[in-house]
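*Asks:* sequence first, predicted coordinates after that:
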Amino acid sequence: MQVNQPQGGTAEATTTQLAVGDEVSYVAISGGGRNYRFSARKAVIEAITDDIATLRSSNGRTTTQPLSKLTPADQPNALTRMLMGGQ
């Protein structure tokens with residue numbers, strides 16, 4: 001579940017429900033030692049079990065990610081928000 005809080009407001013947080021079939025983006029981290037690579041990836045939710053989503057990317061590979069790490073494809077993902085200074 002992704003929570004979006006309006007910046008500096010007293011309004012209540014809105015929750016975006018993710019469902020099977022939704023296109024989402026997430027940040028993948030690879031590398032190790034002294035070098036790490038961050039990349040934004042897109043996938044489609046194939047299944048949801050508890051708080052874990054099974055995702056299928058465009059190349060056909062599947063991966064699992066916590067729902068808290070997923071962002072709807074039409075919204076800025078965590079990597080984009082980090083590069084924009086948390087906006």
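*Replies:* Arrived safely. Numbering: from 1, shown residues only.
*Asks:* quick one: contacts for the residue positioned nearest the centre of the chain?
*Replies:* With distances taken as CA atoms, centre = their mean, the residue of the chain nearest its centroid is Leu70 (2.1 Å). Listed by CB atoms under 8 Å, 6 or more residues apart in numbering, the contact set of Leu70 reads Gln2, Leu18, Val24, Ser25, Tyr26, Ile45, Ala53. C-betas here are computed from N, CA, C, even on glycine.
*Asks:* going by secondary structure, the nearest residue to it once chain neighbours are set aside is in what exactly?
*Replies:* Setting aside the residues directly before and after it, Leu70 is nearest to Val24 in space (CB to CB, 6 or more residues apart in numbering), at 4.4 Å. In this structure, Val24 is located in strand 23-32 according to DSSP states H and E.
*Asks:* can you list the contacts of Leu70 in CSV and add pLDDT, distance to Gly32 and neighbour count?
*Replies:* Output for the contacts of Leu70, formatted as CSV (pLDDT from 0 to 100; distance: CB to CB, whole Å; neighbours: other CB atoms under 10 Å):
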residue, pLDDT, distance to Gly32, neighbour count
Gln2, 50, 28, 16
Leu18, 89, 30, 17
Val24, 95, 26, 24
Ser25, 93, 23, 20
Tyr26, 92, 19, 20
Ile45, 96, 28, 19
Ala53, 95, 25, 25
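*Asks:* what is the nearest of the residues you listed to Thr80?
*Replies:* Distance to Thr80 across the contacts of Leu70 (CB to CB) is lowest for Ser25, with 8.6 Å.
*Asks:* quickly note the distance from the residue nearest to that closest one when sequence neighbours are not counted to Thr49.
*Replies:* Residue nearest to Ser25 in three dimensions, not counting chain neighbours: Asn77, with 4.3 Å by CB to CB, 6+ apart. Counting by CB to CB, to the nearest Å, the gap from Asn77 to Thr49 is 22 Å.
*Asks:* same check, this time on Phe38
*Replies:* From Phe38 over to Thr49 (counting by CB to CB), the distance is 26 Å.
*Asks:* name the residue in those two with the higher neighbour count.
*Replies:* For the pair Phe38 and Thr49, the greater number of neighbours falls to Phe38 (13 against 8), based on other CB atoms under 10 Å.
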